[in-house]
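1. Fold the stuff below for me.
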Amino acid sequence: MQSPAAALPKTAPENRSARRQPEGRLKEKTAVVTGASMGIGRGIAELFAREGARVVAADIDQSGGEELITQLRSAGGECLFRRTDVSVEPEVRALIDITLDAFKRVDVLVNVAGIASEFPLHLLELEEWDRIMR
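-> This next block holds a predicted model:
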């Protein structure tokens, strides 16, 4: 019997790692990305910038955010960074206000910001659960 994986189409190794050329799909769009200083959020901010978006990066990690903005600007991106704790409503309001002041619109909003616990879910105290879910 043939394994299910054997039925999948083969992908040439050179195609797996090849990056697509930017197509400008987000040209003249403004994207706000939270959790943008590292990981998935950073990857999204980088991709959106390559696709032509004006990127507003937000994170609690000031130095990581500033490093991202330096990188994006050196590649020709139009962007800004705002230190933001998304669990604090006035900080989120300020993020949107500076976005609207700078770019007059928000077309895309990606919320990647989050926190994790070192404990398994079933061992979390209620206070820790509340902190994570806020």
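2. Tell me where this structure is predicted with low confidence.
-> Counting by pLDDT under 70, the ranges of the chain that qualify are 1-20.
3. Identify the single longest helix in it, thanks.
-> What stands out as the longest helix in the chain, according to DSSP state H, is helix 89-103.
4. Touching that one from outside, list them.
-> The contact list for helix 89-103 (C-beta atoms under 8 Å, 6 or more residues apart in numbering) reads 30, 32, 34, 54, 56, 58, 80, 82, 84-86, 106. In short, each C-beta sits where N, CA and C put it, glycine included.
5. what does stretch 126-134 give?
-> 87, 114-117, 119, 124.
6. for stretch 31-47, same thing?
-> By C-beta under 8 Å, 6+ apart, stretch 31-47 touches 48, 53-61, 64-65, 67-68, 71-72, 79, 81, 84, 86, 95-96, 99, 106-114.
7. Skipping its backbone neighbours, what lies nearest residue 22 in space?
-> The spatial neighbour of residue 22 that comes closest, neighbours along the chain excluded (C-beta to C-beta, 6 or more residues apart in numbering), is residue 50 at 4.5 Å.
8. rewinding a little: tell me the buried residues in the helix or strand following the longest helix of the chain?
-> Downstream of helix 89-103, the first helix or strand assigned by DSSP states H and E is strand 108-111. Buried positions in strand 108-111, judged by neighbour count with 16 or more other C-beta atoms under 10 Å: residue 110.
9. Thanks a lot, catch you later.
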